[in-house]
Structures are given as C-alpha cells and as structure tokens.
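> Mind looking at a prediction? Sequence and model below.
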Amino acid sequence: PLKTGPRHFLDLTDLSGGQLRTVLDACAEMKRHRRKGEPPPSRPLAGRMLAMVFDRPSTRTRVSFDVAMRELGGETLMLTGKEMQLGRGETVADTARVLSRYVDAIMIRILDHGMMLELARHAEVPVINGLTKLSHPCQIMADVLTFEEHRGPIKGRTVAWSGDANNVLASWAHAAARFGFRLNVAAPPQLGARPDLVAWARAEGADVHVTTDPFEAVAGADAVVTDCWVSMGDEDETHRHNLLMPYQVNAKLMAAAAKDAIFLHCLPAHRGEEVTAEVIDGPQSVVFDEAENRLHAQKGILAWCLGAVEA
Ligand code: CP
Ligand code: NVA
C-alpha cells in the first residue's frame, strides 16, 4: 500500500466538505457525551501525547486543546517558542523531526504561516494550526458548530462579517466554500479580504460578497461576526481604530440583520471597539457557547488527526 502522510489540520482548504462534515459530526457527538456526563467511548486517545507549541498568547486554544486531549484519554505538553531552541535559531524542520520522535501530534500557534507549513512538511505526526497570521481553522469549526446548534444547517444560509478582514475571516471564507453558505464581508478598503482569498473561495464555488458597507453586508444575515481591530502582530498599526469604527457591531447594525440573527466573536473582545457591550452581552450573542464549542471542536479535530475518526 502507498505510504500516506500524517493527517494534518492546517487549513479548511485541505479537507473536502464531506471530510469537514465528518469531523464536525464527531465534535457534536463528543459534546453529547460530555453533556450526559459520560466519558467518551473507550477514551480513544489513551496513551497519545499532544505537544502544544505557543509562540503567542492564548486562553481558549490552549485550555480547550489541553482539556480536550485529556478528556479523550491522552496527555499534553505545553511548550513556548522562547523556551525552545527554536527561539535560539534551531530550524523548524529539525524541530519537527525531533518532536515527531517524542509525541503523537503537534498543535502550533505561530504568526508565520510559512513556518507552520514547514513544520508540517517535516513532521511525521499530524500538525494542527492553532492560529497563524493567515488563518484560524479550529476556531471556525467551533463557529460552524455553534451556528448549527442555534440556527440549523448552515448550508445556504448567510454569514456577515464586519471589521478587519483578518485570519479569522480567512477561515470563514474557506468554510463558506466547504460548507456551502453565503459570506458577506464588509471591511475598509485598506483592511479588506485578500484578493487571492476571495478568488480561491469563488473558484471553489463559494458565494462571497465583498463590500465596504456594513449595512449592505448584514442585510438579512443569519449571523453577524466580527473580531478585534488589532490582531496579534498588528500592534504597531495605530490607524486601525479610525478605519474600523464604522464597522463596529452595535445595536443599529444588528437591527439590520435577520431578526433572529446570532452574534459571533472568537474572543478576546474589546467592548466599545469592534462590538458594543449591548450587543456582545445581549440576547443575540452566543459568544460563550462559541467559546465552549472550541473544546468540543478540538476533540473532533484531534480524533480525526489521530485516526480515531474515519477520514
Ligand atoms: N479565540 C481564540 O483563539 O482565543 P485564544 O487566543 O484565547 O486562544
Ligand atoms: N484575529 C485575532 C484572533 C485572536 C484569537 C488575532 O490574530 O490576534
């Protein structure tokens, strides 16, 4: 038989819609078990070790992967870029080769997307993208799970993004192609979706609409989504606040979406900047269900990467 490589989870673009649906079903199944207070059947990752490499801070990704791995019977190792020889110039390729001899999977958060890909290229175990400057695929698995719990199947529905067209938006665009929903993106021209991203999504059959008008984007939308104005690595860009203020998700903008629209935000949030307290702490907001779903999503992703779920 052909030697197949490790099952990486690097971007939603790498999996088919059917595969992503399989992973999402696994996430939902894991959640049902946990809700009933039952351990997952047979602790499918018993004896497996996940290394978590964090070159940047994290609350949700770090804790949800750690708890997910343990609840599935596995164990975790927490590493930071600075503590590793990586921080002193050891190559990513050698780091990948060495870690592959010790652990069963590697989750990495690093801004340089190319370094994440390089790690995956040289790793003999699955690599999971825990956020790069270009994408945040694990987040969007949790977000689609959250959407479907509150609003039913996402296929054919409309998700609106208002704000900086950042890494989280990129994974939404990938998901639009794979899950078959419409994505409306409102962003200032200087912070708009990358043309190659929009071109990819459209070529893959996604219904992606790009505008500079947030009201046009949210009209009739089933979910309104935003994210921080200053992502990790953008801290020096002080002009962003003025550019992004018109894209703030406030009560007036939410009122232009569908009546039963939900509000999503990957967190951490900045009340009074990208979203008002009235919206994020209001009845349409499901951001803490969304944060909880990171845990269930990580389980499906880990189980898939480690072969406990069929491809
Ligand atoms: N949403 C998210 O990835 O949060 P953390 O940065 O806390 O992991
Ligand atoms: N867009 C944000 C997401 C944080 C979870 C960032 O990259 O900092």
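That came through fine. Ligands and ions are numbered 1, 2, ... in the order given.
> I'd say residue 170 and residue 134 touch.
Yes - with contact defined as C-beta atoms under 8 Å, residue 170 counts as touching residue 134 (6.0 Å). For glycine as for every other residue, the C-beta is placed from the backbone atoms N, C-alpha and C.
> Pick out whichever of these two has more residues nearby.
With neighbours defined as other C-beta atoms under 10 Å, residue 170 and residue 134 compare such that residue 170 has more, 26 against 19.
> you'd agree that one is in a helix?
Yes - using DSSP: H, G, I helix; E, B strand; the rest coil, the assignment for residue 170 is a helix.
> Find the nearest non-adjacent residue to it, please.
Excluding its sequence neighbours, the residue lying closest to residue 170 (C-beta to C-beta, 6 or more residues apart in numbering) is residue 135, at 4.9 Å.
> From ligand 2, how far out is the one you found?
Going from residue 135 to ligand 2 by C-beta to the nearest ligand atom, to the nearest Å gives 10 Å.
> Quick one: residues contacting that residue.
By C-beta atoms under 8 Å, 6 or more residues apart in numbering, the contact set of residue 135 is 11-12, 113, 129, 167, 170-171, 174.
> and what of residue 206?
Counting by C-beta under 8 Å, 6+ apart, residue 206 touches 173, 176-177, 180, 183.
> how about 6 Å then?
Residues in contact with residue 206, defined by C-beta atoms under 6 Å, 6 or more residues apart in numbering, are 176-177.
> In terms of pLDDT, where does it sit?
Note on residue 206: pLDDT of 97.
> quick one: it and residue 183, what's the gap?
Noted for residue 206: a distance of 7 Å to residue 183, by C-beta to C-beta, to the nearest Å.
> Need the overlap of contacts for the two.
Common neighbours of residue 206 and residue 183 (C-beta under 6 Å, 6+ apart) are residue 176.
> Over to residue 210. Which of the three states is it?
Following three-state DSSP, the label given to residue 210 is strand.
> Could you check how far it is from residue 61?
For residue 210, the distance to residue 61 equals 28 Å [C-beta to C-beta].
> of the two, who's got more company?
residue 61 (23 against 17).
> just how off-centre is stretch 147-161 within its chain?
In terms of C-alpha atoms, centre = their mean, to the nearest Å, the gap separating the centre of stretch 147-161 from the centre of its chain is 16 Å.
> just stretch 76-91 next, same as before
Counting by C-alpha atoms, centre = their mean, stretch 76-91 is centred 23 Å from the centre of its parent chain.
> How about stretch 66-75?
On the basis of C-alpha atoms, centre = their mean, stretch 66-75 sits 19 Å off its chain's mean C-alpha point.
> can you pull the buried residues of it?
Under the neighbour-count criterion of 16 or more other C-beta atoms under 10 Å, stretch 66-75 has 66, 68-69, 71-74 buried.
> Quickly name whichever of the residues you listed is closest to ligand 1.
Closest approach to ligand 1 among the buried residues of stretch 66-75 (C-beta to the nearest ligand atom): residue 66, at 11.3 Å.
> Wasn't the closest one part of a helix?
Yes - membership of residue 66 in a helix is supported by three-state DSSP.
> Once you drop chain neighbours, what's closest to it?
Closest to residue 66 by C-beta to C-beta, 6+ apart is residue 76, at 5.0 Å.
> What degree of burial does the one you found show, as a neighbour count?
Neighbours around residue 76, by other C-beta under 10 Å: 20.
> immediately after the helix or strand it falls within, which helix or strand?
Assessed by DSSP states H and E, residue 76 sits inside strand 75-80. Following strand 75-80 in sequence order, the next helix or strand is helix 92-102 (DSSP H and E).
> For that following helix, could you pull out the residues that count as buried?
For helix 92-102, the buried set under the neighbour-count rule, 16+ other C-beta under 10 Å, comprises 92, 95-96, 99-100.
> Tell me the residues of the stretch 151-300 of the chain that contact ligand 1?
Contact residues, the stretch 151-300 of the chain versus ligand 1 (C-beta under 6 Å from any ligand atom): 266-267.
> Now do the strands in the stretch 151-300 of the chain.
For the stretch 151-300 of the chain, applying DSSP state E, counting those that start in this stretch gives strands covering 158-162, 182-186, 207-211, 223-226, 262-265.
> just so I know, which of those strands lies nearest residue 195?
Among the strands of the stretch 151-300 of the chain, strand 207-211 comes nearest to residue 195, with 9.4 Å by C-beta to C-beta.
> Alpha carbons of stretch 175-191, in PDB - could you do that?
Extracted in PDB, the C-alpha atoms of stretch 175-191 (Å, rounded to 0.1, in the frame of the first residue of the first chain):
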ATOM      1  CA  ALA A 175     -15.600  27.400   5.400                       C
ATOM      2  CA  ALA A 176     -18.100  29.200   3.000                       C
ATOM      3  CA  ALA A 177     -16.700  27.100   0.200                       C
ATOM      4  CA  ARG A 178     -16.600  23.800   2.100                       C
ATOM      5  CA  PHE A 179     -19.900  24.100   3.900                       C
ATOM      6  CA  GLY A 180     -21.800  26.000   1.200                       C
ATOM      7  CA  PHE A 181     -23.000  29.100   2.900                       C
ATOM      8  CA  ARG A 182     -23.000  32.700   1.700                       C
ATOM      9  CA  LEU A 183     -20.400  35.000   3.200                       C
ATOM     10  CA  ASN A 184     -20.800  38.800   3.100                       C
ATOM     11  CA  VAL A 185     -17.700  40.700   4.000                       C
ATOM     12  CA  ALA A 186     -17.700  44.400   5.000                       C
ATOM     13  CA  ALA A 187     -14.300  45.900   5.600                       C
ATOM     14  CA  PRO A 188     -12.500  49.200   4.900                       C
ATOM     15  CA  PRO A 189     -10.600  49.000   1.600                       C
ATOM     16  CA  GLN A 190      -7.200  49.200   3.400                       C
ATOM     17  CA  LEU A 191      -8.100  46.200   5.600                       C
END
